[in-house]
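Undergrad: Could you look at this predicted model? Sequence included:
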Amino acid sequence: MPPIDWLDTRAAQPDSPDPRPARPHAGAGAIEGWLAQMNPAQREAVLHEAGPLLILAGAGSGKTRVITTRIARLVLELGVPPSAILAITFTNKAAREMRERVERLVPVAGMWIGTFHAMGARLLRREIEALGGPWTREFTIWDTHDRTTVLKQLIRESGYDPTHFKPAQVGAWISAWKNAGGARAGAEALAAGPRYGQDQEVFDAVRERYESALARNNAVDFDDLLLKPLALFEAQPGLADLYAERFQHVLVDEYQDTNRIQYELVRVLSARHRNLAVCGDPDQSIYAWRGADIRNILDFERDFGDAATPVRVVRLEQNYRSVQRILDTAQGLIQHNRARKDKRLWTELGTGELVDVHECGDENDEADTIAASISTARDEGCSLDEIAILFRTNFMQRALERGLALAGLPYQVLGGLEFYERREVRDLVAWLQLLCNESDDLACQRALGVPARGIGEKSVQELLRWASEQRMPLSRAASSPQARALLRGRAKGGLEQFSGALEALRAVRTLPAASAIEAVITGIDYLAHVAAMEDLDQASREENVQELVAHARAFDRDHPGAGLLGFLQDVALVSDVDGLEAGGGSVKLLTLHAAKGLEFREVWIAGLEEELLPHARAVAAGEEGIEEERRLLYVGITRAMERLHLCWARFRGIYGNTLPRRPSPFLAELPAECLSGAPAAQDARVVLDDEQGGEWGEAWDAQEPQSLRIGDEVEHEHFGRGRVEDLQGSGGTAKARVRFALHGSKLLALQYAQLRPVGGRRR
């Protein structure tokens, strides 16, 4: 869970001391002992005192230790007050680890350590009313499920078909629009997105309604936690100066994953003192699809340095996680990227075994191969907790689960959001949100039906219409005699019961989180509601209710004083990686994206096939997309400590069709001296016997630029028709710049792009 500092719901008050018993901390003399245990590059990063600092931290290079020791030195030797330090990372898990490590070294009371979104939430809890809008400090944070629910209603109300204009797609557009900065910048960021050009009018209309719904419900969504603090600083320069003055040192981990808004927030908060230390690795930038901009770290020296205060660059290249063969495999792959800063990882952990490449018949054979090998590893004494199976896309999960289940191997699918997505948990959270924020109509709509009171969808819509006309929240309308008069029969009585329960429970918002949840469970007789469901999940639903109380009790213990509003904020900020449990004796199953920041003794990467990795959508995006996919595989490879296995299948069932597959071209980029297994991985050519479909060797020959000429008309699977404007390189490095009618100019790698001549050459 995030630390209490990040859950402070009080407004514009000085940081109060942590009420927990103080831990003994090290004195200033301890710094020398810590430095003695570090390598020279780590020491250089810790000892840098003032001015901008770029720490290029390779995978497994001990960057968290560097950041935490640097923070401790700022406090113990340089006399920086803890409240003048801001340290930001990307996941709750990483923030919790960072805080715990720092707390073992120095006092942390008043220090801001947490995620970007938690920082934004805290700022808004204190300052949102300065924006001058309808929001109060008790705002609700809408998650992706909430956003999708609202958008489905708004799309229908706007006269469009939700089955055609998917709420999830519109939600993704809105998120991209916000993360690109909103307004014109956001629109430009979307312009190249699928269908945006033809659906722009629909998107703009629904987005405006969605923003109005957020304001009306005193709610913000996840993206607003970044966008609104920046808007606040732009509207209130004095407030921006106040925070910039306060934070003498700003430290940002995983800087390669920052987007435009996060970049601007860092720039504003570090402007006064210019003591900005960022840590990251361009080779691990894998979140462009959600707005991350690798240029932030590539251009850091230009953006934050000048002649008077140049940026100091420190490279952490000694790896403490993996054996050398795994590092050499990763290096052989990533050196094919252009958008990077050069470094070469090395280790003292030994050479290690060759990387195994497995050629499988189909996805079931792949799953069985993996399961059989894991069973052998278990029999030889390897703990299942130390083994992970990584995959590129979620549809691959089913076959892998089947293989593990048939082999009798317990497994855990990573999914931190799963618990809070369950019906009974969302029911109770909706009640809690409504008690904290009476303007939250979305929470109120759910609470009206929990437990069932005969208030159907038609009655809810009638109440919403009347509340809108009266310009009042739905919860307030529910207690109005005029609103009750609109309903008949059981619905009318149900509304009276609801408003009575709501009024009786209002005081629970001041209680600790666990006490508040228990009061709601009792007040609405929720366990009886669960018992009445009479489904196969009834027992597990009751267990989940008790688990929610247990979560809240642990939260109250770890974060005294944060209260119910703090608990709800913690729930809203939970991330996938937070669901990964240590121990339990189970194989971990997760996507390559979710594996970032984790490590395992043995790693399997499944589905190393063309159009899966690199993914077809990334290939369609051109060279930048392919480089991101290469970085994604690099991240997967560097999760492995001792053993690494790479798998591909000759056939794979994809959305109901069994299709022939080709090995990923990335396999051909791996150093042959590091590999053991299928020849296809070593010579980048695949030959199948006649029964399996003939020879595929030709498929690996890159399309030479000589087969195309400037002016040729070509067709691309995703971009449609265009004309060749320029040709570059040859063989595997051949590229063509093509101007497409609908998507503009794209630089495409011919090895992947599969351009088809359509006749016609401009003379």
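TA: Received, thanks. Numbers count the residues shown, from 1 in each chain.

Undergrad: The stretch 651-763 of the chain: helices as residue ranges?
TA: Secondary structure of the stretch 651-763 of the chain (DSSP state H, counting those that start in this stretch): helices located at 665-669, 679-683, 750-753.

Undergrad: Surely Q433 is in contact with W142?
TA: No - between Q433 and W142 there is no contact, the gap being 9.4 Å when judged by CB atoms under 8 Å. In short, each C-beta sits where N, CA and C put it, glycine included.

Undergrad: least reliable of the helices of the stretch 651-763 of the chain going by mean pLDDT?
TA: Lowest mean pLDDT of the helices of the stretch 651-763 of the chain: helix 679-683, a mean of 44.

Undergrad: Is it correct that M533 falls within a strand?
TA: No - counting by DSSP: H, G, I helix; E, B strand; the rest coil, M533 is located in no strand; its state is coil.

Undergrad: Return the residues in contact with it.
TA: When contacts are counted by CB atoms under 8 Å, 6 or more residues apart in numbering, M533 touches R541.

Undergrad: Which pLDDT value goes with it?
TA: Value for M533, per-residue pLDDT: 75.

Undergrad: Quick one: low-confidence residue ranges for the stretch 1-150 of the chain.
TA: Applying pLDDT under 70 to the stretch 1-150 of the chain flags the ranges 1-29.

Undergrad: hang on, I meant the stretch 501-650 of the chain
TA: The model of the stretch 501-650 of the chain has pLDDT under 70 over residues 534-539, 575-584.

Undergrad: quick one, helices of it?
TA: Per DSSP H, counting those that start in this stretch, the stretch 501-650 of the chain carries helices over the ranges 513-523, 526-531, 538-558, 563-572, 616-620, 623-637.

Undergrad: could those helices go into TSV alongside distance to I85 and mean neighbour count?
TA: Below are the helices of the stretch 501-650 of the chain laid out as TSV (distance: least, CB to CB, whole Å; neighbours: other CB atoms under 10 Å):
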stretch	distance to I85	mean neighbour count
helix 513-523	28	20
helix 526-531	43	16
helix 538-558	21	17
helix 563-572	22	24
helix 616-620	38	19
helix 623-637	29	23
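
Undergrad: Identify whichever of these lies nearest to R99.
TA: Of all those, it is helix 538-558 that lies closest to R99, at 11.0 Å by CB to CB.

Undergrad: Which elements pack onto that closest one?
TA: Applying 3 or more CB pairs under 8 Å, 6 or more residues apart in numbering; DSSP states H and E, one finds that helix 538-558 contacts helix 423-436, helix 513-523, helix 526-531, helix 563-572.

Undergrad: Next, the distance between the ends of stretch 79-90.
TA: Terminal residues of stretch 79-90 are spaced 27 Å apart (CA to CA, to the nearest Å).

Undergrad: Please name the bridge partners of the nearest residue to L755 once chain neighbours are set aside.
TA: Distances taken as CB to CB, 6 or more residues apart in numbering place V714 nearest to L755, at 4.3 Å, with adjacent residues excluded. Using DSSP bridges, the bridge partners assigned to V714 are G722, P757.

Undergrad: V714: neighbouring residues, count only.
TA: Neighbour count of V714, defined by other CB atoms under 10 Å: 23.

Undergrad: Who are the contact partners of it?
TA: 708, 721-724, 736, 738, 755-758.

Undergrad: hang on, the earlier thing: now the helices and strands packed on helix 538-558 in a markdown table, with distance to A594?
TA: Converted to a markdown table, these look like this (distance: least, CB to CB, whole Å):
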| stretch | distance to A594 |
| --- | --- |
| helix 423-436 | 21 |
| helix 513-523 | 27 |
| helix 526-531 | 31 |
| helix 563-572 | 19 |
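
Undergrad: So which of those is nearest A485?
TA: With CB to CB as the criterion, A485 lies closest to helix 423-436 of the helices and strands packed on helix 538-558, at 22.8 Å.

Undergrad: In terms of secondary structure, what does that closest one contact?
TA: With contacts taken as 3+ CB pairs under 8 Å, 6+ apart, helix 423-436 sits against helix 418-421, helix 441-448, helix 489-505, helix 513-523, helix 526-531, helix 538-558, helix 563-572.

Undergrad: And those: which comes nearest S586?
TA: Judging those by CB to CB, what sits closest to S586 is helix 418-421, at 14.9 Å.

Undergrad: Could you check how far the closest residue to L659 other than its chain neighbours is from L400?
TA: Spatial nearest neighbour of L659, chain neighbours left out: R652 (6.2 Å); criterion: CB to CB, 6+ apart. Noted for R652: a distance of 12 Å to L400, by CB to CB, to the nearest Å.

Undergrad: Name all residues that make contact with A330.
TA: Contacts for A330 (CB under 8 Å, 6+ apart) come out as 59, 345, 634, 637-638.

Undergrad: possible to save those residues as JSON lines with distance to D365?
TA: Formatted as JSON lines, the contacts of A330 follow (distance: CB to CB, whole Å):
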{"residue": "A59", "distance to D365": "31"}
{"residue": "L345", "distance to D365": "33"}
{"residue": "Y634", "distance to D365": "27"}
{"residue": "I637", "distance to D365": "23"}
{"residue": "T638", "distance to D365": "27"}
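
Undergrad: Relative to R147, which of those residues is nearest.
TA: Set against R147, the nearest of those by CB to CB is Y634 (32.0 Å).

Undergrad: need the contact list for the closest one.
TA: 283-284, 330, 333-334.
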